[in-house]
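Enquirer: Next input, structure requested:
(one chain, ligands or ions: 1)
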Amino acid sequence: MIEIDALTKVYDQVKAVDDVSMHIPAGSVFGFLGPNGAGKTTTIKVLAGLLTPTSGEVRLGGYDVVRQRSAAMAQFGAVLEGSRNVYWSLSAWQNLMYFGRLKGLRKARVRDRAEELLTDLGLWERRRDKVGGFSRGMQQKVAIAAALIADPPIVLLDEPTLGLDVEATRTVKGWIADLARDRGTTILLTTHQLDVAQELCDRVAVMRQGRLVADLPTRDLLARFRERDKYEIRVEGAPPPGFDAVTRDGVTTISVRVADPREVYDVVERLRVQGAVLESLNQVQPDLEDVFLALVNEVSHA
Ligand SMILES: Nc1ncnc2c1ncn2[C@@H]1O[C@H](COP(=O)(O)OP(=O)(O)OP(=O)(O)O)[C@@H](O)[C@H]1O
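Expert: Residues are numbered from 1 along each chain as shown. Sure, this is the predicted structure:
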C-alpha cells in the first residue's frame, strides 16, 4: 500500500509537486501519467527516499518515508528513470547477488531468484559480463531484475519498458500483471507509453504542472470520455453516395455522428436500400491516449 497525503515538493522557485494525494492499495497496478515536467519523477523520488518532501506525508506499507525511513525503504524495489540503478563495474550476476544480500535474503534464495529472473529476460548467457558493456535495454533488464530480486511488497517503476525489445517488453508486462494479481504487490508505474498503461493499470492518475487532474479506475476514465454519438460503419466496396467515407483495400469506413444512438438504425437502413454489404458497426471508443490528451489540454487551456 502506498499513501501519499498532501505532498508538496518545491525546488528553489519551482513547485514540482503541489498538494498531491493518492492512495494505492495492495495488489493494484497504478498508472501515474503526465506530460514532461509534470512532477512524476519528483514524486517517485520522494517515495524512494531520494528527496525530502517540502510538506505532506508519504507512507509505504504504513511506514513514513521520513520518520521511519529504513522500514519504509525496506518495503520497495525501484527502477528509476535516467539514473544508474545498477553497478556498471559488476556483472549482471554480481549485481543481483549484491542487491539480494543487501535486502537481507539468504544466498541460496538470491541465487534461485537471480537465475529465474535472468533466464526470463534472456540474459542468462551474459550473466558474467559487466553491466557497463551492456546495451541500454540490457542494462534496463538488469535494473528491473535487481528491483524484483527480493520480491518487495511495493514496486516503483519509472518507464520500465522504455528501450526494451518486443520480447522483453512482453515479459516485463507479464511480470507486472502477475506480481499484482498473484502476490498482491503494489505497483506504481509511470510511463509515456499509454498503450502499456491502458493494458496494465487498474487505475490511472494524470498529473499536470504538479497537480493531479484525474485519479480514476482506468475503465471509468475511459468511459468518462466515451463519445456516445460517434460510430464507424464498414461496408464492402465503393463508398455509397451521401456518406462521409474513406475507402482502403476494398473496404469503406463510414463515420457517423448522431444526436441519438437510435438514429444509427436509420443510417443502416439507408445503406441497406443502397445495396451496401455491411462488414461491421462500432461505437467509437477512445483509448487512453485520447483521454490523456483531452485532460492535459483541458487543463492547459484553463
Ligand atoms: N533538481 C531539480 N531542481 C530544480 N527543478 C527541478 C529539479 N528536478 C525537476 N525539476 C523541475 O520540477 C518539475 C517536475 O519535474 P519532474 O522531473 O518531476 O517531471 P516528470 O513528470 O517526471 O517529467 P518527465 O516525463 O519529463 O520525466 C519540472 O519543472 C522540472 O524542471
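Enquirer: Neighbours of the nearest residue to residue 185 once chain neighbours are set aside, how many?
Expert: Closest residue in space to residue 185, ignoring its immediate chain neighbours: residue 179 at 4.0 Å, by C-beta to C-beta, 6 or more residues apart in numbering. No exception for glycine: its C-beta is placed from N, CA and C like everyone else's. Counted by other C-beta atoms under 10 Å, the residues lying close to residue 179 total 20.
Enquirer: Get me the contact residues on the chain for the ligand.
Expert: 11, 12, 14, 16, 34, 36, 37, 38, 39, 40, 41, 42 (C-beta under 6 Å from any ligand atom).
Enquirer: Export stretch 68-84 to PDB, keeping only CA atoms.
Expert: Provided in PDB are the C-alpha atoms of stretch 68-84 (Å, rounded to 0.1, in the frame of the first residue of the first chain):
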ATOM      1  CA  GLN A  68      10.500   5.600   9.600                       C
ATOM      2  CA  ARG A  69      12.900   5.800   6.800                       C
ATOM      3  CA  SER A  70      14.700   2.400   7.000                       C
ATOM      4  CA  ALA A  71      11.500   0.400   7.500                       C
ATOM      5  CA  ALA A  72       9.900   2.300   4.600                       C
ATOM      6  CA  MET A  73      12.900   1.700   2.300                       C
ATOM      7  CA  ALA A  74      12.700  -2.000   3.000                       C
ATOM      8  CA  GLN A  75       9.200  -2.000   1.500                       C
ATOM      9  CA  PHE A  76      10.100  -1.400  -2.100                       C
ATOM     10  CA  GLY A  77      12.200  -2.200  -5.200                       C
ATOM     11  CA  ALA A  78      12.600   0.600  -7.800                       C
ATOM     12  CA  VAL A  79      13.600   1.100 -11.300                       C
ATOM     13  CA  LEU A  80      14.200   4.900 -11.700                       C
ATOM     14  CA  GLU A  81      14.400   6.700 -14.900                       C
ATOM     15  CA  GLY A  82      17.700   8.000 -16.200                       C
ATOM     16  CA  SER A  83      19.700   7.100 -13.200                       C
ATOM     17  CA  ARG A  84      22.100   4.300 -12.800                       C
END
